[in-house]
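Visitor: here you go, sequence then predicted model.
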Amino acid sequence: MIIRNWMKRDPVTMSSDALLTEARQIVDRHGLRYVAVVDNGVLRGILRRRDLYEAAMQVTSKQSVYELKYFNERLKVKDLMIRKPKTIQADEPVEEAMRKGSQLGVSFFPVMDGDRLVGTVSYEEIFETFAQVLGVREKWVGITLQDVEVGPGTIRHIAELTEAAGGTLRSVFTLRQSEKRGEKVVLRVATEEPRKVLEKLREAGYTIMEVERPEGKGAGNGAEG
């Protein structure tokens with residue numbers, strides 16, 4: 001999955017010379033946690049909503065008319081923004097954003113095409129991407145197989161077994177197992193009769209690790225049909 005296809009396009013931006021009061025209006029209006037700061041097409045930094053709110057709270061708590069006036073009329077985005085933020089290129093994979101985010105402790109990246117800002121990506125977009133993979137809004141049955149020796153034709157075989165049992169394989173991915181041979185194969189299956197799918201998979205020699213029902217009930221280790 002390439003970031004260009006999953007990022008938030010045409011992001012809201014603001015100038016570094018904008019007043020913080022203007023920035024707060026933009027943040028509140030669009031419900032943003034981060035805003036890219038751009039001057040004449042050049043990325044200058046990012047402004048975090050948390051920093052903006054904390055600055056406003058500090059001024060308010062002091063109850064100083066002069067500090068409040070200074071905050072409202074003089075303080076600008078450039079006084080509070082994070083300069084030279086970490087960025088990611090549009091043609092990099094989503095996995096790279098996750099790796100960099102974990103490594104750097106960053107949950108938001110401006111997305112660049114060369115030197116041009118073309119979008120943003122945050123853990124919200126990444127979460128939404130994997131929510132779609134997992135079908136969290138769908139009534140799919142989750143089946144996890146374990147100790148699977150994945151090779152040419154393995155996934156096709158699983159899909160054929162699912163179809164033969166009247167189901168449709170909607171999503172599949174593999175996970176490495178620690179201290180065990182083989183891999184976990186995580187399935188999301190559209191079916192009205194999950195028992196038939198489970199029987200087919202068992203008959204073919206697959207070990208079922210767990211089953212997740214669409215309603216969130218009946219999850220188990222696969223011992224029951």
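Guide: That came in fine, so what should we check first?
Visitor: so which strand or helix has the closest residue to residue 84 other than its chain neighbours?
Guide: Of all residues not flanking residue 84 in the chain, residue 45 sits nearest, at 7.1 Å (Cβ to Cβ, 6 or more residues apart in numbering). Glycine gets a C-beta too; all of them are placed from N, C-alpha and C. Counting by DSSP states H and E, the element that carries residue 45 is strand 42-48.
Visitor: can you give me the offset of that strand from its chain's centre?
Guide: Relative to its chain's centre, strand 42-48 lies at 21 Å (Cα atoms, centre = their mean, to the nearest Å).
Visitor: quick one: strands adjacent to it?
Guide: Sheet pairing for strand 42-48, assigned by DSSP bridges, gives strand 34-39 (antiparallel), strand 82-83 (antiparallel).
Visitor: winner for burial among these?
Guide: Highest mean neighbour count of the strands paired with strand 42-48: strand 34-39, a mean of 22 (counted as mean count of other Cβ atoms under 10 Å).
Visitor: report the separation between residue 89 and residue 112.
Guide: Computed as Cβ to Cβ, to the nearest Å, the residue 89 to residue 112 distance reads 6 Å.
Visitor: to clarify, my last question referred to residue 141.
Guide: Computed as Cβ to Cβ, the residue 141 to residue 112 distance reads 40 Å.
Visitor: neighbour-wise, which of these two wins?
Guide: Shown here are residue 141 and residue 112; by other Cβ atoms under 10 Å, residue 141 has more neighbours (23 against 17).
Visitor: please save the CA atoms from stretch 77-85 in PDB.
Guide: Listed next in PDB are the C-alpha coordinates belonging to stretch 77-85 (Å, rounded to 0.1, in the frame of the first residue of the first chain):
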ATOM      1  CA  VAL A  77       1.900  30.500  14.300                       C
ATOM      2  CA  LYS A  78       5.700  30.700  13.700                       C
ATOM      3  CA  ASP A  79       6.100  31.400  17.500                       C
ATOM      4  CA  LEU A  80       4.600  28.000  18.400                       C
ATOM      5  CA  MET A  81       5.000  25.700  15.400                       C
ATOM      6  CA  ILE A  82       7.400  22.800  15.200                       C
ATOM      7  CA  ARG A  83      10.100  23.700  12.700                       C
ATOM      8  CA  LYS A  84      11.600  21.300  10.200                       C
ATOM      9  CA  PRO A  85       9.100  18.500  10.900                       C
END
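Visitor: mind listing what's buried in that stretch?
Guide: Going by neighbour count (16 or more other Cβ atoms under 10 Å), the buried part of stretch 77-85 is 77, 78, 80, 81, 85.
Visitor: the last one against residue 112, yeah?
Guide: No - under the criterion of Cβ atoms under 8 Å, residue 85 is not in contact with residue 112, lying 10.6 Å apart.
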